[in-house]
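Give me a 3D structure for the following:
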Amino acid sequence: MSHPDITVAMLNERGTGRLPGHLGIVITAVGDGQLTAELPVLPHLLAPNGYLHAGSVVTLADTASGYGCIVNLPEGAHNFTTIELKSNHLGTVREGTLTCTAKVEHKGRNTQVWDAVVKNKETGKTIALFRCTQMILYPK
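Predicted coordinates:
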C-alpha cells in the first residue's frame with residue numbers, strides 16, 4: 001500500500017532537527033515504490049583526507065530508502081527500522097551535488113528491501129550502490 005498523502009514537503013520537514021536535515025539532505029521526488037533525494041557536497045561532509053566521507057553517502061542512501069519505506073508502509077504498520085545495509089563505493093567527489101534514487105525491490109508485510117544508486121548530479125557518474133532491508137513495525 002502506498003501513502004500518496006505523504007508529500008515531499010512532509011518528508012523534508014521530518015528531517016528538520018535530525019541527521020538528514022543537519023547534513024542537508026533534501027527529498028526531491030516521491031512516488032509509489034521510488035524516492036529521490038539530493039545532498040550538496042559541503043566541507044562538513046568530507047573526511048579528513050579531503051574526499052567525501054563514506055558515512056555521508058550511506059546516510060543519503062539510507063535516508064532515501066527509509067523515507068521510501070515510510071511512504072510504502074503496509075496497512076496497519078506504524079513505522080520501520082533498518083535491520084541491514086550494504087554499500088559498494090565506486091567513486092568520490094569533493095564538490096557538487098549527490099543525487100540518490102531508491103527503489104523498492106521487495107515490499108512485504110514484515111520486511112522491505114530497497115536498492116539505491118548515488119550519483120554525481122553534474123556528471124551522472126555512479127558514486128555508490130546500496131541495498132537496505134527494513135523491518136516493518138506494528139503497534140503492540
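
From now on I want contacts and neighbour counts done on CA atoms only, so please keep to that.
OK.

Which stretches in the chain count as strands?
26-31, 34-40, 79-89, 97-107, 111-120, 126-137 (DSSP state E).

What are the contacting residues of the fourth one?
It stands for strand 97-107. Applying Cα atoms under 8 Å, 6 or more residues apart in numbering, the contact partners of strand 97-107 are 33-41, 60-61, 64-65, 68-69, 72, 112-122.

are any of those buried, and which?
Among those, those classed as buried by 16 or more other Cα atoms under 10 Å are 33-41, 60-61, 64-65, 68-69, 72, 112-121.

ok, back up a step: for the strands of the chain, give me JSON lines that also has distance to Gly50 and mean pLDDT.
JSON lines is the format used below for the strands of the chain (distance: least, Cα to Cα, whole Å; pLDDT from 0 to 100):
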{"stretch": "strand 26-31", "distance to Gly50": "23", "mean pLDDT": "96"}
{"stretch": "strand 34-40", "distance to Gly50": "15", "mean pLDDT": "98"}
{"stretch": "strand 79-89", "distance to Gly50": "16", "mean pLDDT": "97"}
{"stretch": "strand 97-107", "distance to Gly50": "16", "mean pLDDT": "98"}
{"stretch": "strand 111-120", "distance to Gly50": "17", "mean pLDDT": "98"}
{"stretch": "strand 126-137", "distance to Gly50": "16", "mean pLDDT": "98"}
